[in-house]
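Engineer: generate a structure from the sequence data that follows.
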Amino acid sequence: MNVRKLEEKEYIEAMKLSMYAFQYDVPEDDIPKRKEMLKNHTIFGIWEGENLAAKLHIIPLNVYINGHAWKMGGIAGVATYPEYRRNGLVSQLIKQSLVEMDEQGQVFSFLHPFNISFYRKFGWEIFTEYKKTYINKIDLNMAGKSSGTIKRFNKSQHIKTIEKIYEEYMGQFSGGLIRDTYWWENFVYSDYQIAVYFDENGDGKGYLLFKVKDNKMDVEEFTALNQEARVNLWNFICQHDSMVEKVKVITSVHDPFPYYLHQPNLKMEIFPYFMGRIVNVEKCLSKYSFDHNEEKVFIHIEDFHAPWNTGSYLITGREAAVFKNKEGSRCAKPAARGLHMSIKALSAIIIGYRRPLELYDLGEITGPRKDAEVLERKIPLQKSFFYDFF
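Structural biologist: Next up is the predicted model:
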């Protein structure tokens, strides 16, 4: 079996494997559009003769982390026909994808895992969680006097105001996808509508991505820039009390909903969501904005599947540098002093999901505690969140 990129004429084979593995059908009329969308993907496949046995897609995307925009490789469509499973094919594809993403300058990679422990073996780690809040009809009580206006939109009516609200809202988080209009129209709306709240000045200050079906209201995104928007968007949900028996609202775990409601005693569930990993540590740390102080700390990274990351890095001031020996090459054996950690641990810290001292206490970082305390002070506080799916 050999690993290679799929050519455009082979996209239909990738689609067939996806339909078989994920148990869905693409209508005949949609196939040309799907094939056109795949032109933006890099698809690696493993072939046995003329038969596609397994595949993996890399989607070129961009995310905000630490106040910077970064290139990100989104891993999707990982699938293997049953007769070829448990032969290490996905492992080969993942290793090849890391090489490809590094060559393309994609410093981070995100994916939605079918199994968290499986992808942890390859260096990805959870970086975000979301909260589901369940509301019964009896608890649909308005939170205050409504103001401004609410207008509903679908993808054929999409306006830039929606993009601006999302961008400002996600600016408070780390890890958010940078959405362009094409992404909104093709990957956000689907069969959902958007209700936008405009304040008394006519400025958009929040939106809901939602649908109402079978006496249920599902709110997939609750995005508000201030308390006025939160109240009015909630009141809009309450106005559906004659149409629905139950409401489900998805938010970040950091969002204050439903604290500000008259009755916040509601059922809530928290779920791990997307996973992320650093593809190139040197590029990441050289651009990352550390909290400025005069302290210095060595970190020693181990990355079995992207070996170019394995090595020692000195974080000093607001910057980091690769630690090199007198010959100018990366140290084969890291210096004893400093902190030792896996690429998973570093990824969780850099994206903002976990703090250095948390991981130190969990045993995922080893070394002198005083060095862990220095790293804790060097890493700015961030709240990680990701609303999208691919």
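Engineer: which residues of the stretch 201-350 of the chain fall in strands?
Structural biologist: Ranges of strands in the stretch 201-350 of the chain, per DSSP state E, counting those that start in this stretch, are 204-213, 216-224, 246-252, 267-272, 275-278, 296-302, 311-316, 319-322, 339-342.
Engineer: closest to residue 198 out of those strands?
Structural biologist: Residue 198 lies closest, by CB to CB, to one member of those: strand 204-213, at 5.6 Å. Glycine gets a C-beta too; all of them are placed from N, C-alpha and C.
Engineer: now the strands: where do they sit in the stretch 51-200 of the chain?
Structural biologist: Along the stretch 51-200 of the chain, the stretches classed as strands by DSSP E, counting those that start in this stretch are 51-65, 68-80, 108-111, 125-126, 129-136, 149-153, 176-177, 193-198.
Engineer: which of these sits most buried?
Structural biologist: Comparing the strands of the stretch 51-200 of the chain by mean neighbour count (mean count of other CB atoms under 10 Å), strand 108-111 comes out on top with a mean of 25.
Engineer: so what pLDDT did residue 338 get?
Structural biologist: Confidence at residue 338, expressed as pLDDT, is 94.
Engineer: hmm, back to that, make a markdown table from the strands of the stretch 201-350 of the chain and add mean neighbour count and distance to residue 22 to it.
Structural biologist: Shown next, in a markdown table, are these (neighbours: other CB atoms under 10 Å; distance: least, CB to CB, whole Å):
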| stretch | mean neighbour count | distance to residue 22 |
| --- | --- | --- |
| strand 204-213 | 20 | 22 |
| strand 216-224 | 21 | 20 |
| strand 246-252 | 20 | 22 |
| strand 267-272 | 12 | 20 |
| strand 275-278 | 28 | 18 |
| strand 296-302 | 21 | 34 |
| strand 311-316 | 20 | 38 |
| strand 319-322 | 16 | 40 |
| strand 339-342 | 21 | 30 |
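Engineer: including distance to residue 13, could the ones you listed go into JSON lines?
Structural biologist: Output for the strands of the stretch 201-350 of the chain, formatted as JSON lines (distance: least, CB to CB, whole Å):
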{"stretch": "strand 204-213", "distance to residue 13": "33"}
{"stretch": "strand 216-224", "distance to residue 13": "32"}
{"stretch": "strand 246-252", "distance to residue 13": "35"}
{"stretch": "strand 267-272", "distance to residue 13": "32"}
{"stretch": "strand 275-278", "distance to residue 13": "27"}
{"stretch": "strand 296-302", "distance to residue 13": "37"}
{"stretch": "strand 311-316", "distance to residue 13": "39"}
{"stretch": "strand 319-322", "distance to residue 13": "41"}
{"stretch": "strand 339-342", "distance to residue 13": "36"}
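Engineer: which of the ones you listed comes out lowest on mean pLDDT?
Structural biologist: strand 319-322 (a mean of 72).
Engineer: what about residue 286, neighbour count?
Structural biologist: By the criterion of other CB atoms under 10 Å, residue 286 has 14 neighbours.
Engineer: wait, it sits on residue 314?
Structural biologist: No. Residue 286 is beyond contact range of residue 314, at 11.6 Å (criterion: CB atoms under 8 Å).
Engineer: mutual contacts of the two, please.
Structural biologist: Both residue 286 and residue 314 are contacted by 320-321, under the criterion CB atoms under 8 Å, 6 or more residues apart in numbering.
Engineer: so what's residue 244 up against?
Structural biologist: Taking CB under 8 Å, 6+ apart as the contact definition, residue 244 lies against 137, 212, 215-217.
Engineer: switch the cut-off to 10 Å
Structural biologist: By CB atoms under 10 Å, 6 or more residues apart in numbering, the residues touching residue 244 are 135-137, 140, 212-218, 237.
Engineer: give me the pLDDT value at it.
Structural biologist: 98.
Engineer: which residue packs closest to it, ignoring adjacent ones?
Structural biologist: Distances taken as CB to CB, 6 or more residues apart in numbering place residue 217 nearest to residue 244, at 4.6 Å, with adjacent residues excluded.
Engineer: gap between that neighbour and residue 380?
Structural biologist: Distance, residue 217 to residue 380, by CB to CB, to the nearest Å: 37 Å.
Engineer: can you check residue 5 too?
Structural biologist: Between residue 5 and residue 380 the computed distance is 38 Å (CB to CB).
Engineer: the longest helix in this structure is where?
Structural biologist: Assignment by DSSP state H gives helix 89-103 as the longest helix of the chain.
Engineer: what's the average pLDDT for that one?
Structural biologist: Averaged over helix 89-103, pLDDT sits at 97.
Engineer: show me which residues of it are buried.
Structural biologist: By 16 or more other CB atoms under 10 Å, the buried positions in helix 89-103 come out as 89-90, 92-94, 96-98, 100-102.
Engineer: domains of the chain?
Structural biologist: Listed domain ranges for the chain are 2-111, 131-272, 275-378 (source: automatic domain parsing).
Engineer: start and end of the longest one, how far apart?
Structural biologist: By that I understand domain 131-272. Start-to-end span of domain 131-272 (CA to CA, to the nearest Å) is 9 Å.
Engineer: just the last one next, same as before
Structural biologist: The straight-line separation of the ends of domain 275-378 (CA to CA) is 23 Å.
Engineer: how close does the residue nearest the centre of the chain sit to residue 281?
Structural biologist: Centroid check for the chain by CA atoms, centre = their mean gives residue 386 as the closest residue, at 4.5 Å. In this view, residue 386 and residue 281 are 21 Å apart by CB to CB.
Engineer: what of residue 70?
Structural biologist: Computed as CB to CB, the residue 70 to residue 281 distance reads 13 Å.
Engineer: ok, and the helix or strand in this structure with the lowest average confidence?
Structural biologist: For the chain, counting by mean pLDDT, DSSP states H and E, strand 319-322 ranks last in confidence among helices and strands (a mean of 72).
Engineer: contacts for that strand, please.
Structural biologist: Contacts with strand 319-322, where a contact means CB under 10 Å, 6+ apart, come from 281-282, 284-290, 292, 296-297, 299, 311-315, 329-331, 378.
Engineer: change it to 7 Å
Structural biologist: For strand 319-322, the surrounding residues in contact (CB atoms under 7 Å, 6 or more residues apart in numbering) are 282, 285-286, 288, 311, 313-314, 330.
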